[in-house]
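Visitor: Here you go, sequence then predicted model.
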Amino acid sequence: MQIRLEKFDYSDGRHRYCVLCLSQTLFGEWCLEQAKGPIGAAGGQQRRAYFLHHTEALQSFETLRDKEVKRGFVPIPVQLGLL
């Protein structure tokens, strides 16, 4: 599961992104990755959190998504390319 969120602040000229990705590792754990930073500029952060159960990981994913939406980020539909 993956979602991309973007925030455009035209008054300050700042454009930011946040990508949340939930996936299962080879060992059966669940990994929640969060990448965020400015669009079109250097810098940014990347965090990973590991969970034993899918329900915990999904709850954390939804909590992070809701937190970013409250901060003004908007979900952007992302189309994956074909191989």
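Guide: Great, that's in hand.
Visitor: Give the full set of residues in contact with residue 19.
Guide: Taking Cβ atoms under 8 Å, 6 or more residues apart in numbering as the contact definition, residue 19 lies against 2, 3, 4, 5, 33, 34, 35, 36. Where you see a C-beta, it was placed from the backbone N, CA and C, and this is true even at glycine.
Visitor: what do you get if the cut-off is 10 Å, keeping everything else the same?
Guide: Neighbour list for residue 19: 2-6, 33-37, 44, 46, 76, 78 [criterion: Cβ atoms under 10 Å, 6 or more residues apart in numbering].
Visitor: For residue 38, see how far away the most centrally placed residue in the chain is.
Guide: Closest to where the C-alpha atoms of the chain average out (Cα atoms, centre = their mean) is residue 20, at 2.1 Å. Separation of residue 20 from residue 38 (Cβ to Cβ, to the nearest Å): 17 Å.
Visitor: Scan the contacts of residue 19 and report the most crowded one.
Guide: residue 5 (20 neighbours; other Cβ atoms under 10 Å).
Visitor: Double-check that one against residue 36; I have them as touching.
Guide: Yes. Between residue 5 and residue 36 there is a contact under Cβ atoms under 10 Å: 8.6 Å.
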